[in-house]
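# this one's sequence-less:
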């Protein structure tokens, strides 16, 4: 008897890296707090209990890829370089983690030993494309419209992805 999806397996299958989590959390924080101007890596790290060295690397990557601007000086820190309604979760995740590959079928080579007799490649391709499309349709503004406390805004996104993918 099938008791439905194993959510712990789905969560680990769709799990973002900590770096991608930290990038999305930081962008959301800067969006919600735009009226305050910039925020330092230390401020962000303290607010979300993130290790400063790892967060600093993520923030610098986001600066290099044009999502953030780094401001020097006593009141310096990081601020958004673009309107958050134009930044998608997919862009941020790819910036930090590289390409999203659900299975080895969808890597650069696109083949595995089972390809000739594989019966799930096409259905998995549809799931993969659905995940990419969903992430491409979620903006930082979308992530910032909830009223959740600091640090809780990213995990529900994963649950929403899992539910959406399973529903289709």
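Noted; the coordinates are in hand. Model, not experiment: these values are computed from the prediction. Numbers count the residues shown, from 1 in each chain.
# ranges for the strands of this structure?
68-71, 77-80 (DSSP state E).
# mind putting the ones you listed into CSV with mean pLDDT and distance to residue 45?
For glycine as for every other residue, the C-beta is placed from the backbone atoms N, C-alpha and C. Formatted as CSV, those follow (pLDDT from 0 to 100; distance: least, CB to CB, whole Å):
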stretch, mean pLDDT, distance to residue 45
strand 68-71, 94, 15
strand 77-80, 95, 12
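# out of those strands, which one sits most buried?
Greatest average neighbour count among the strands of the chain goes to strand 77-80 (a mean of 20), per mean count of other CB atoms under 10 Å.
# now what about it, what contacts it?
With contact meaning CB atoms under 8 Å, 6 or more residues apart in numbering, strand 77-80 is reached by 26-27, 30-31, 34, 37-41, 43-44, 59, 62-63, 67-71, 87.
# drop anything exposed from those residues.
Neighbour counting with 16 or more other CB atoms under 10 Å marks 26-27, 30-31, 38-41, 44, 59, 62, 67-68, 70, 87 as buried within the contacts of strand 77-80.
# where along the chain do the helices fall?
For the chain, applying DSSP state H gives helices covering 7-13, 18-32, 41-48, 52-64, 89-97, 121-136, 140-143, 155-167.
# how about the residue most central in space within the chain, what does it touch?
Of all residues in the chain, the one closest to the mean position by CA atoms, centre = their mean is residue 93, 4.4 Å from it. Residue 93 makes contacts with 16, 20, 23, 24, 100, 135, as judged by CB under 8 Å, 6+ apart.
# what about the first one, distance to residue 23?
Read it as residue 16. 9 Å (CB to CB, to the nearest Å).
# over to the fifth one?
The span separating residue 100 from residue 23 equals 14 Å under the rule CB to CB.
# got the end-to-end distance for stretch 68-87?
Stretch 68-87 has an end-to-end distance of 11 Å (CA to CA, to the nearest Å).
# on that earlier part again, okay, residue 100 and residue 23: which has more neighbours?
Between residue 100 and residue 23, counted using other CB atoms under 10 Å, residue 23 has the larger neighbour count: 27 against 16.
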